[in-house]
Every structure is written in structure tokens, then in C-alpha cells.
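**Student:** sequence and predicted structure are below.
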Amino acid sequence: MLLPLQKGILYGPVHSRRYGRSLGINLMPGRFKLCSFNCIYCHYGWTKTCTMDVTGHTDEMPAIGEVLAAVEPAVRSNVEFDLITFSGNGEPTLYPGFAELVAEVVRLRDLYRPFVSIALLSNATGLQNQAVRDCVGRLDLPVFKLDAGTVETFHRMNRPADDIEFDELVELLASIPKINLQTVMVDGEQANTTHAEIQAYSEKVGRIRPKEVHMYSIDRPTPDTGITLVPPQRLLEIAAQVEDSTGVPVRTFGARG
């Protein structure tokens with residue numbers, strides 16, 4: 001069964017297999033998924049509104065003041081968590097005023113939870129916005145998606161909104177220092193694990209030069225039922241190949257439980 005959408009601004013803390021206890025911030029509508037990708041493996045299901053232009057949906061997004069009114073009591077509470085993570089029902093960097101909001105959440109964190117990290121899980125399309133690029137350095141753990149090494153696989157896997165160019169995303173990622181990449185590997189009808197694809201993917205990782213790559217496979221139901229989990233040993237082999245080719249550390253994460 002696909003995961004239900006987040007209905008409010010805050011959710012969790014949830015246990016992340018990669019990052020520990022995470023308090024999530026959802027900036028997107030609770031009624032539908034609003035994203036610039038329509039990934040075949042998304043555990044929230046297909047993206048009904050796949051776009052880079054969210055101007056027609058801002059009335060369903062929380063105002064900055066509403067977000068801060070939810071975050072401040074959480075960071076002042078006794079609830080334990082390791083991260084505050086911008087994620088949720090779609091692409092968080094499409095939120096109008098995202099950079100301003102990051103600055104305010106960082107301020108609250110510094111006041112009340114100085115040892116908690118602030119993370120972003122993003123598909124990188126918002127990096128087309130200069131303000132978003134400028135605010136990435138304020139984040140402790142900026143994590144951006146890269147699931148493909150070729151344009152063809154990018155379109156099969158991520159099914160982006162119109163006018164999103166794969167090569168442009170790669171260059172944007174390469175322009176920002178100290179980021180992390182997250183990669184979902186899948187087998188089956190839409191596999192991104194072929195020898196040729198891994199070679200092309202490694203070339204892109206080498207171009208971007210992230211701090212780390214965080215690689216994992218699916219472990220929940222997906223909207224595309226023709227894809228399957230990559231076995232743990234094969235995932236380790238792919239990670240070793242990418243690391244040997246690029247010199248970039250690659251961490252693999254197994255299925256939950």
C-alpha cells in the first residue's frame with residue numbers, strides 16, 4: 001500500500017534509515033502531491049500536479065508564519081530528534097520564499113536546538129532559482145536526487161515536468177560545494193542498474209563531486225509495479241564500482257527492518 005500524504009506542516013519524528021530521527025517539514029498541499037518530478041518509485045504515488053510553476057497552488061500551502069508557528073514549539077519541546085528535514089508531499093524548494101524560510105528555521109534551531117542538523121531532501125530542480133542556490137550553504141545536510149546517468153534514463157525514472165533539462169541539473173549540482181547525492185537503484189522493467197548506465201552515472205557523479213552518495217533501493221510499494229528491489233549484494237557492487245571510478249564515498253542503505 002502506498003504511503004498517505006502528509007496532512008500537516010510537521011510530521012514525525014520518523015526514523016530515517018540514513019539520517020536518524022527526523023522531524024519533517026511539509027511545505028506542499030496536504031490534498032495532493034505537488035512536485036516537478038513524477039518518479040516511478042515514489043512511495044506517495046504518482047504526481048497528479050507535475051510542474052515547476054506553483055503559483056496557482058500557493059493558497060493551499062502554509063504561509064511562512066504558519067510554518068514557524070509550528071516549528072518553534074517543536075524545537076522548544078522535549079521531543080527528541082536529530083534533524084529537521086525539509087521534505088514532504090513534493091519538491092520543497094518550489095515553495096515561494098523557501099530561502100527566507102530556511103533562514104528563519106536556522107535561527108530557531110540556533111536558539112533552541114543548536115545540536116540538531118537541518119536537512120533538505122530535494123530533486124534539485126529548485127536550484128534554477130538563485131535564491132535557493134544561495135541558501136543551500138545554510139543547511140547542514142543538503143541532499144539532492146540523482147537517479148540516472150543519461151537523459152533517457154532520467155526521463156524513464158523521474159518523469160520530469162516540461163522544460164527540465166537533465167544536463168542543466170547536473171551542471172547546477174556541480175556548481176554547489178559540499179552537497180550529498182541520494183540515488184534510488186531499481187531492477188525490473190525500468191532498471192537503472194545496467195553496466196552502461198552505471199558507467200554514465202559514475203561520470204555524472206565525478207562531474208558533480210559531492211561529499212557523499214547515499215544509495216539505496218525500494219522497500220515499499222511503488223506506483224510502477226514493474227520495478228523491483230536491487231539485492232543488497234548487487235547494491236554494494238554498484239557502490240564499489242562508482243566509488244572506485246570517482247573517488248567519491250558511496251554509502252549504501254538496506255531495506256527498513
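**Tutor:** Good, I have the coordinates.
**Student:** so for the strand or helix carrying Ser245, what gets flagged as buried?
**Tutor:** Using DSSP states H and E, Ser245 maps to helix 232-246. Neighbour counts over helix 232-246 (16 or more other CB atoms under 10 Å) mark Leu235, Ile238, Ala239, Gln241, Val242, Glu243, Ser245, Thr246 as buried. Backbone N, C-alpha and C define where each C-beta goes, glycine included.
**Student:** who touches it?
**Tutor:** 185, 193, 198-199, 201-202, 205-206, 209, 213, 215-217, 230, 248-252, 254-255 (CB atoms under 8 Å, 6 or more residues apart in numbering).
**Student:** list the helices and strands the strand ranked longest in the chain packs on?
**Tutor:** Ranked by residue count and defined by DSSP state E, the top strand of the chain is strand 180-188. Contact here means 3 or more CB pairs under 8 Å, 6 or more residues apart in numbering; DSSP states H and E; on that basis strand 180-188 packs against strand 141-145, helix 195-208, strand 212-217, strand 227-229.
**Student:** mind redoing it with 10 Å?
**Tutor:** strand 117-122, strand 141-145, helix 151-158, helix 195-208, strand 212-217, strand 227-229, helix 232-246, strand 250-253 (3 or more CB pairs under 10 Å, 6 or more residues apart in numbering; DSSP states H and E).
**Student:** give me the mean pLDDT for that strand.
**Tutor:** For strand 180-188, the mean pLDDT works out to 98.
**Student:** where are the low-confidence patches of the stretch 151-257 of the chain?
**Tutor:** 255-257 (pLDDT under 70).
**Student:** how far is stretch 13-22 from where the chain is centred?
**Tutor:** 14 Å (CA atoms, centre = their mean, to the nearest Å).
**Student:** first vs last residue of that stretch, how far apart are they?
**Tutor:** Stretch 13-22 stretches 5 Å from its first residue to its last (CA to CA, to the nearest Å).
**Student:** no more questions from me, cheers.
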